[in-house]
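K.L.:
Next comes the sequence, and after it the predicted model I'd like to discuss.
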Amino acid sequence: MKNILVTGGNKGIGFEVVKQMAQLGYYVYLGSRDEHNGLSAVDKLKNAGLTNIEFLKIDVSDLDSVRQAVSVLQSKVDALDILINNAGIAGKQPQNISACDIAEVKAIFNTNYFGVIQTTQQFLPLLKKATLPVIVNVSSELGSLSMQTAEGRNANWDNFHAYGASKTTLNTFTINLAQEMRGTKFKINSVTPGYTATDLNNFAGFKTAAQGAAPIVKLATIGEDGPTGQFFCHEGTIQW
């Protein structure tokens with residue numbers, strides 16, 4: 001049974017990713033920075049008959065927490081097959097870049113960008129021991145410069161300048177890491193779940209959390225002939 005870690009797995013899209021991956025037969029470590037919320041999420045899934053799930057305390061924005069999570073996981077598994085960097089924050093809106101509080105911008109980047117980098121770096125040794133290591137970075141259409149500059153761009157995106165910028169840099173991390181790992185067995189991609197109703201957007205999205213999780217799960221379960229260094233949505237690839 002392959003081992004998988006989903007950060008931010010206690011609610012929303014992350015919770016649905018955990019559920020769907022467990023249903024496919026993976027052993028899933030549900031990552032959550034809050035122990036109570038994480039354990040409650042695990043209990044909910046186990047009560048639904050999914051026993052191949054375990055809680056792992058991890059705050060991706062805290063390096064000490066990430067290192068502790070690595071230590072715990074190393075004591076339980078020989079390898080980590082799949083890392084899904086799902087944990088993220090939207091920040092306070094509006095975020096018009098001409099006036100947005102710089103402290104808010106830094107907080108968003110600390111989780112959505114720096115948090116992903118340090119989490120991935122710390123788990124790389126375990127991932128390298130897998131037969132087919134896969135890394136999925138959960139991004140957003142707001143991270144696509146092509147979509148940001150397209151004619152007819154959604155004006156509401158101005159409320160999420162800092163969040164969108166953090167996802168653009170996350171996409172850059174995906175490209176950089178995939179290029180660095182070219183010629184190896186690693187598969188590293190970005191994926192957007194689409195406009196999904198979660199607490200990040202006050203449940204304004206038109207997709208359900210289960211629908212938003214679907215493209216993430218699809219990308220996490222690719223085979224040896226699967227893509228790497230690309231950006232995906234449910235319908236296919238997206239331009240950077």
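P.N.:
The structure has been received and is ready for your questions. Numbering: from 1, shown residues only.
K.L.:
quick one: low-confidence parts of this structure?
P.N.:
195-206 (pLDDT under 70).
K.L.:
List the buried residues in stretch 62-75.
P.N.:
62, 65-66, 68-70, 73 (16 or more other CB atoms under 10 Å). Every residue, glycine included, has its C-beta placed from N, CA and C.
K.L.:
try stretch 105-123
P.N.:
105, 107-120, 122-123.
K.L.:
Next step: the residues you listed restricted to strands.
P.N.:
Counting by DSSP state E, no part of these is found in strands.
K.L.:
residues contacting the most centrally placed residue in the chain?
P.N.:
Centroid-nearest residue in the chain, with CA atoms, centre = their mean: N86, separated by 2.0 Å. N86 is in contact with 6-9, 13-14, 17, 138, 216, counting by CB atoms under 8 Å, 6 or more residues apart in numbering.
K.L.:
try A178
P.N.:
186, 188-189, 228-229.
K.L.:
again, but for A165
P.N.:
By CB under 8 Å, 6+ apart, the contact list for A165 reads 97, 105, 109.
K.L.:
One more: M1?
P.N.:
With CB under 8 Å, 6+ apart, M1 has these contacts: 25-27, 52.
K.L.:
got it, and F173?
P.N.:
Applying CB under 8 Å, 6+ apart, the residues near F173 are 113, 116-117, 120, 137.
K.L.:
ok so it is a helix residue?
P.N.:
Yes - judged by DSSP: H, G, I helix; E, B strand; the rest coil, F173 forms part of a helix.
K.L.:
I'd like the distance from it to T51, if you could.
P.N.:
For F173, the distance to T51 equals 34 Å [CB to CB, to the nearest Å].
K.L.:
likewise I13?
P.N.:
For I13, the distance to T51 - CB to CB - is 22 Å.
K.L.:
What of I89?
P.N.:
31 Å.
K.L.:
Which one's more surrounded, those two?
P.N.:
Between I89 and T51, counted using other CB atoms under 10 Å, I89 has the larger neighbour count: 17 against 10.
K.L.:
How about that one: what's its closest non-neighbour residue?
P.N.:
Residue nearest to I89 in three dimensions, not counting chain neighbours: T111, with 4.9 Å by CB to CB, 6 or more residues apart in numbering.
K.L.:
Now for the one you found: which residues touch it?
P.N.:
Counting by CB under 8 Å, 6+ apart, T111 touches 60-61, 87-89.
K.L.:
how about a markdown table for these, with distance to D43 added?
P.N.:
Formatted as a markdown table, those follow (distance: CB to CB, whole Å):
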| residue | distance to D43 |
| --- | --- |
| V60 | 23 |
| S61 | 25 |
| A87 | 20 |
| G88 | 24 |
| I89 | 25 |
